[in-house]
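In: curious how this folds, go ahead:
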Amino acid sequence: MSRRKTRHKTGLLRIKGIGKKVHDAWIGYVCLACETLNLFSIGNTLLDPNDTYNTAEWRCKECDFLHSKDSPLPFKEWPSEYTDPDSIKCQRFWHAFFRIATENKEAYWKQCNACGRILPSHAFSKHSEWGPLEKQMECRSCKGAINAYLNPKRTKQQLYESNIRRRIADLLLEGENETIDIDELFKRFNNRCFKTGVKLDENKRSTWEIDHILPSSWLYPLTKENAALLSKEANNNKRNKWPSHFYTNTELIKLARITGADLELLSRKEPLVTYVQQPEPKK
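Out: The predicted structure is shown next:
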């Protein structure tokens, strides 16, 4: 079957001035002196934590306090042996301060090219090979609005392909899915959507979904190890995404710990189809 050529526009104008900078990474940190959130772009190259510790001079836009390993800590209630920049205690503080802001992709921030907000990296869904953070251009909030706009415009061929994939997966997984104990599921996830942290009511069935962590479209059955509790909205955003394309690295680690799922499989950048053992035909 030849692939469709139809492509839909989102219906949203892009923010002028972002352009090629849409994939830039941003640093975000809270000033130690006045607690103002400071944000600045660093382009397409992520910072090395050790180099940042040795060279950074981040000046607060509000109070002008200089965040540098050569600066004393501005905590008046702390004794001088902690705030003196020549002390090992102060230096270890600064080393951790810069490491927290630069040590991994989820520590950075990114600008949405739909609403223009600068948000933490985890506010964007993953997209392999898109910029240093490998994130989509729109934040998850804007993406939800865009999907609500585009889904009704899906072509007959798109709907047909989606339906065919679902039917094939259902046939191959027949008899493989387990019955999920809902009470136990809610208990494991502390009655909250795993993605958003929103509290969920087990009795309000229209507000929550059971997520196939590893999608059924890649032939993974629904099992205790492959089930996550999500809000209706979060589940709609995930749809058939591979887990590493939707969950952050920290979330994947936590998810593996809660469910017992294979972390190496969850964190793969590219999907891997599983093999479903089919029953022997009756003689």
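
In: list the contacts of stretch 251-261.
Out: Stretch 251-261 has contacts (CB atoms under 8 Å, 6 or more residues apart in numbering) with 122, 188-189, 194-195, 213-214, 224-228, 243-244, 247, 262-263, 266-267. From N, CA and C alone the C-beta is placed, and that goes for glycine too.

In: worst-scoring helix or strand of the chain, pLDDT-wise?
Out: Lowest mean confidence among the helices and strands of the chain (mean pLDDT, DSSP states H and E): helix 156-172, at a mean of 53.

In: what's the first helix or strand after that one?
Out: Later in the chain than helix 156-172, the nearest helix or strand by DSSP states H and E is helix 182-188.

In: in contact with residue 202: list those residues for me.
Out: By CB under 8 Å, 6+ apart, the neighbours of residue 202 are 182, 183, 186, 191, 208.

In: find the residue closest to the second one in space, skipping its chain neighbours.
Out: Same thing as residue 183. Of all residues not flanking residue 183 in the chain, residue 202 sits nearest, at 7.3 Å (CB to CB, 6 or more residues apart in numbering).

In: quick check: that neighbour vs residue 61, distance?
Out: 46 Å (CB to CB, to the nearest Å).

In: and if you look at residue 109?
Out: Residue 109 sits 15 Å away from residue 61, going by CB to CB.

In: okay, these two: which has more neighbours?
Out: residue 109 (25 against 13; other CB atoms under 10 Å).

In: quick check: that one touching residue 29?
Out: No - in this structure residue 109 lies outside contact range of residue 29 using CB atoms under 8 Å: 9.6 Å.

In: give me the neighbour count for residue 96.
Out: Counted with other CB under 10 Å, residue 96 comes out at 13.

In: ok, residue 23 next?
Out: The burial count for residue 23: 20, using other CB under 10 Å.

In: excluding chain neighbours, give the residue nearest to it in space.
Out: residue 131 is the one closest to residue 23 (CB to CB, 6+ apart), at 2.6 Å.

In: in a helix, that neighbour, correct?
Out: No - the assignment for residue 131 by DSSP: H, G, I helix; E, B strand; the rest coil gives coil, which leaves it out of any helix.

In: hang on, the earlier thing: could you tell me the model confidence score at the residue nearest to residue 183?
Out: pLDDT for residue 202: 92.

In: SS state for it?
Out: Residue 202 is classified as coil under three-state DSSP.

In: please apply the same query to residue 209.
Out: Quick answer, by three-state DSSP: residue 209 is strand.

In: just give the number of residues close to the closest residue to it other than its chain neighbours.
Out: Ranked by CB to CB, 6+ apart and with sequence neighbours excluded, the top spatial neighbour of residue 209 is residue 235, at 3.8 Å. By other CB under 10 Å, the residues close to residue 235 number 18.

In: quick one: residue 235 and residue 211 touch, right?
Out: Yes - using CB under 8 Å, residue 235 is in contact with residue 211, at 5.5 Å.

In: quick revisit: the residue nearest to residue 209 and residue 84, how far apart?
Out: In terms of CB to CB, residue 235 sits 52 Å off from residue 84.

In: perfect, that will be all.
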